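>>> Everything below, folded, please.
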Amino acid sequence: MEGDPVTLVNTRELMEKAAANGTGQGAFNVIHVETAEGLVAGAEAAGVPLILQISENCAKYHGGLEPIGLATLAIARDANVPVAVHLDHAESEDLALAAVDLGFGSVMYDGAHLPYDWNVEVTRRVARYAHDHGVYMEAELGKVGGKDGAHAPGVRTDPGEAAAFVEATGVDALAVAVGSSHAMTERNAELDLHLITRLKSAVEKPLVLHGSSGVTDGMLVAAIGAGMTKINVSTHLNGFFTRAVREYLDAYPAVVDSRKYLKAGRDALVLESARMLTLFAKAK
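Predicted structure coming up:
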């Protein structure tokens, strides 16, 4: 509908298709406009759908959700492949509701820092608001006290608790802890594939892997085969962007036009994001 930001693919469409096919759906984090552009160019090169994610930290960096959110929605709307926009790791209920109102295709409310009963209450409330507006809802069952919540090293999600949490909250997808951790710069995490299979059977909803940057290609493919659907990647792709910027500045130390080195970073995302999206889409 012209003039309405909800003119792009809803996350539900991408998630349900990937889950039905037993393949993986890549979800890559936006840091600024250049990353959104580079990631979409990668999806177009691969001919594969993409979920663009904006985290609460990213929104804070840009002074609020609206500036980066509207820019990302515009980039997604102009893509020639299906692209959805997702709010990632929102610990603020108000931010999650704002993303729904802004036209995002999905939101993740992260209540892992809350006591279990409070987490259930707030997650259920956000899920109800999201569903009333046709928006897909992701949540996380975490552990109180861990800096990374459910994805702190050593934490594992219990299948029985996960099933009860999904039933109590009505969420559409669940982020689970199976051995990965956020912000890993080395790809050496060992995932518990047996646990993924058990979680998939218990929850019967699409599972989400956070912290995928620390996981090898082979292990990611195996995780998708075991039951993972949405594969979140940020740090790994950020490394490609940053290395390209550093190399450009080393080669051209007198440059003052930031567009030149940001373009180098943006271009560096295209091949790797295309490669990863294709890897996930072909995994079974």
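>>> helices or strands up against the longest helix seen in the chain?
Longest helix in the chain by number of residues (criterion: DSSP state H): helix 258-282. Contact analysis of helix 258-282 by 3 or more CB pairs under 8 Å, 6 or more residues apart in numbering; DSSP states H and E lists strand 25-29, helix 33-46, helix 217-226, helix 235-251 as its packing neighbours. In this view, the C-beta of every residue, glycine as well, is placed from N, C-alpha and C.
>>> Can you say which of the ones you listed is packed in most?
Each of the helices and strands packed on helix 258-282 was scored by mean neighbour count; the highest is strand 25-29, a mean of 28, by mean count of other CB atoms under 10 Å.
>>> pLDDT on the helix or strand that contains residue 70, on average?
Taking DSSP states H and E as the criterion, residue 70 maps to helix 65-77. If you average the pLDDT over helix 65-77, you get 97.
>>> List the contacts of whichever helix or strand comes after that helix.
Going down the chain from helix 65-77, the next helix or strand is strand 83-90, by DSSP H and E. For strand 83-90, the surrounding residues in contact (CB atoms under 8 Å, 6 or more residues apart in numbering) are 8-11, 13-14, 27, 29, 40, 43, 49-57, 65, 69, 72-73, 75-77, 95-96, 99, 103-110, 138, 140, 232.
>>> so how far is the longest helix of the chain from its chain's centroid?
From the chain centre to the centre of helix 258-282 is a distance of 16 Å (CA atoms, centre = their mean, to the nearest Å).
>>> same thing with stretch 71-91?
Chain-centre distance of stretch 71-91: 11 Å, with CA atoms, centre = their mean.
>>> you'd agree residue 91 is up against residue 113?
Yes. Assessed by CB atoms under 8 Å, residue 91 is found in contact with residue 113 at 6.3 Å.
>>> which residues do the two both contact?
Common neighbours of residue 91 and residue 113 (CB under 8 Å, 6+ apart) do not exist.
>>> Select, out of the helices and strands packed on helix 258-282, the one closest to residue 133.
The closest of those to residue 133 is strand 25-29. By CB to CB, the value is 20.2 Å.
>>> got any ranges where the protein has weak pLDDT?
Scanning the chain for pLDDT under 70 picks out 1-7, 142-155, 179-190, 212-213, 284.
>>> so which helix or strand takes in the residue in it sticking out farthest from the centre?
Farthest-out residue of the chain from its mean C-alpha position, per CA atoms, centre = their mean: residue 254, at 36.5 Å. Per DSSP H and E: residue 254 is located in neither a helix nor a strand.
>>> Likewise for residue 16?
Residue 16 is part of helix 11-21 when elements are defined by DSSP H and E.
>>> That helix to strand 25-29, inter-axis angle?
140 degrees (axes from the mean of the first three to the mean of the last three CA atoms, to 10 degrees).
>>> what helices or strands is helix 11-21 leaning on?
Under the contact criterion of 3+ CB pairs under 8 Å, 6+ apart, helix 11-21 touches strand 25-29, strand 83-90, strand 136-140, strand 228-233.
>>> For residue 209, see how far away residue 228 is.
5 Å (CB to CB, to the nearest Å).
>>> Apologies, that question was intended for residue 15.
Residue 15 is 13 Å from residue 209, by CB to CB.
>>> joint contacts of those two?
The contact lists of residue 15 and residue 209 share residue 230, where a contact means CB under 8 Å, 6+ apart.
>>> Run the angle between the longest helix of the chain and strand 25-29 for me.
Using the same axes, to 10 degrees, the direction of helix 258-282 lies 160 degrees away from that of strand 25-29.
>>> What are the buried residues along helix 258-282?
Neighbour-count burial for helix 258-282, counted by 16 or more other CB atoms under 10 Å, picks out 261-270, 272-274, 276-281.
>>> Equivalent analysis for stretch 69-81, please.
Quick answer for stretch 69-81 (16+ other CB under 10 Å): 69, 71-73, 75-76, 79, 81.
>>> next one: stretch 105-116
105-112, 114, 116.
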